[in-house]
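1. need a structure here:
(one chain, ligands or ions: 1)
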Amino acid sequence: MSQLDFLLSEFQRINGTPPEKIARAPGRVNLIGEHTDYNEGFVMPIAIDRDVFIAARARSDNRVCVTALDVAGGQTDIFDLAEIEHHPDYRWANYIRGVAYFLQAHGVALQGIDAVVTSSLPSGAGLSSSAALEVCTATILEAFASEKLDGVEIAQLCQQAENEFVGVKTGIMDQYASCLGEKDAAIKIDCRALTYETVKLSRGVTVIVADTNKKRHLAGSDYNTRRMECENAAMLIGQLLGKRVRALRDVSLKEFQRVAKQLPDNLMRRARHVITENERVEQAAKAAKQNDAVKFGALMNDSQKSLRDDYEASSPELDIMVSIARQQAGCLGSRLTGAGWGGATVNLVRDANVNAFVETVAREYEAQTNIKPWVSPVHASAGASLIRLPTGEMTR
Ligand code: GLA
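-> The predicted structure is shown next:
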């Protein structure tokens, strides 16, 4: 049974009617530009062909009744739109509550709904399952409201929900990619201007995700600590250079080199990662324009080194996965994707070698770690949308 058929039949079973609307929002894989978004720099993700889906129908009252099919055999949360508080136990529910809260705070008048959620995205793998849940929630709630927001506004509200309701100070990349991703292309986002350019990927190569299946929890302190270290580094570098540095984005490599020796070692290395990573994104965009997948892959490898040594965001399992990947024929580049400290790698592999790569990497990784990974090609797909009901009716 397809994921959508499953969703429809579960919706019918739980609510006794078919849904009125269905929304989908994709996860993302970041090709290059890691830990640069909250430093107001550049990132280059693709939205992938794995989604969170929400089916819903309107209610006549102000309540949201939502069942998550994939959590513990099905969990239900009910809350009133007029008084949204934290759910004390269900982490997933707080993404939904947070988005509803901030949509309303932004002046969008919401209507109560009965909703059912499912997902084809592995969660905790660094593929942005949380952002996809947030963006899917915003998309379905907005579909029942009369105000319409644009993709950047939805991304910002979802980020705010994650930062202020769930409590993880993530950047804008994941929500932005889930809202505005493009089919068959990466997007190079300027995380200060909140604009993007489409980057066509080189011909003849496939993006493959390899999830280490070592879960990571973003709410863990590492991410927030790095963010603080970057802010401190920016402040210090600004003082040393005698210029206004709002974020590490404002520091060129030359300027950094002038003051690097005067920085505490950890801040020097965090800043060096961010500043060189921004340059790598620019170079990767150029390489893609020239259809130079070899150069693109080499930049991904450099990014991994910098993330591992300077940003200390890798993990033993990620290092193993990267090292196995790089031994395979046709692998042009391999690096951790997303926050790191667990989760997945992203690999650029020649089309002819994809099947062998998937099989061998999965087998070798399991042999070395005793953990079964998830290794799969992914394809760049469009950002969140409503989808056609099986009756052929468009839901918007
Ligand atoms: C997580 C965050 C993003 C970004 C990446 C690291 O995925 O949600 O905002 O900071 O980590 O690049």
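
2. what's the longest strand in the protein?
-> Assignment by DSSP state E gives strand 42-58 as the longest strand of the chain.

3. so after it, what's the next helix or strand?
-> Using DSSP states H and E, the helix or strand that follows strand 42-58 towards the C-terminus is strand 63-68.

4. give me the distance from that next one to the chain's centre.
-> The gap between where strand 63-68 is centred and where its chain is centred comes out at 24 Å by C-alpha atoms, centre = their mean, to the nearest Å.

5. which elements pack onto that strand?
-> Packed against strand 63-68, as judged by 3 or more C-beta pairs under 8 Å, 6 or more residues apart in numbering; DSSP states H and E, are the following elements: strand 75-80, helix 91-105, strand 113-119. Where C-beta positions appear, they are placed from N, C-alpha and C, glycine not excepted.

6. please identify the most buried of those.
-> When neighbours are counted by mean count of other C-beta atoms under 10 Å, the highest per-stretch mean among the helices and strands packed on strand 63-68 falls to strand 113-119, a mean of 25.

7. follow-up on the earlier one: which stretch among the helices and strands packed on strand 63-68 comes nearest the ligand?
-> Taking C-beta to the nearest ligand atom, helix 91-105 is the member of the helices and strands packed on strand 63-68 nearest to the ligand, at 12.4 Å.

8. circling back: just the angle for the longest strand of the chain relative to strand 113-119, thanks.
-> Angle of strand 42-58 versus strand 113-119, following axes from the mean of the first three to the mean of the last three C-alpha atoms, to 10 degrees, is 140 degrees.

9. what mean pLDDT does strand 42-58 have?
-> Throughout strand 42-58, pLDDT has a mean value of 98.

10. so for that strand, what gets flagged as buried?
-> Going by neighbour count (16 or more other C-beta atoms under 10 Å), the buried part of strand 42-58 is 42-57.

11. mind putting the helices and strands packed on strand 63-68 in TSV, distance to Val294 and mean pLDDT included?
-> Below are the helices and strands packed on strand 63-68 laid out as TSV (distance: least, C-beta to C-beta, whole Å; pLDDT from 0 to 100):
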stretch	distance to Val294	mean pLDDT
strand 75-80	47	98
helix 91-105	39	97
strand 113-119	35	98
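
12. contacts only, for the residue nearest to Pro26 when sequence neighbours are not counted.
-> Computed as C-beta to C-beta, 6 or more residues apart in numbering, the closest residue to Pro26 that is not its neighbour in sequence is Ala47, at 4.1 Å. Under the criterion of C-beta atoms under 8 Å, 6 or more residues apart in numbering, the contact partners of Ala47 comprise 26-28, 177-178, 180-182, 380-383.

13. assign a three-state SS to Ser146, would you?
-> Of the three states, Ser146 takes coil according to DSSP: H, G, I helix; E, B strand; the rest coil.

14. same question for Ser314.
-> coil.

15. would you confirm that it contacts Thr337?
-> No. Ser314 is not in contact with Thr337 according to C-beta atoms under 8 Å; the separation is 11.5 Å.
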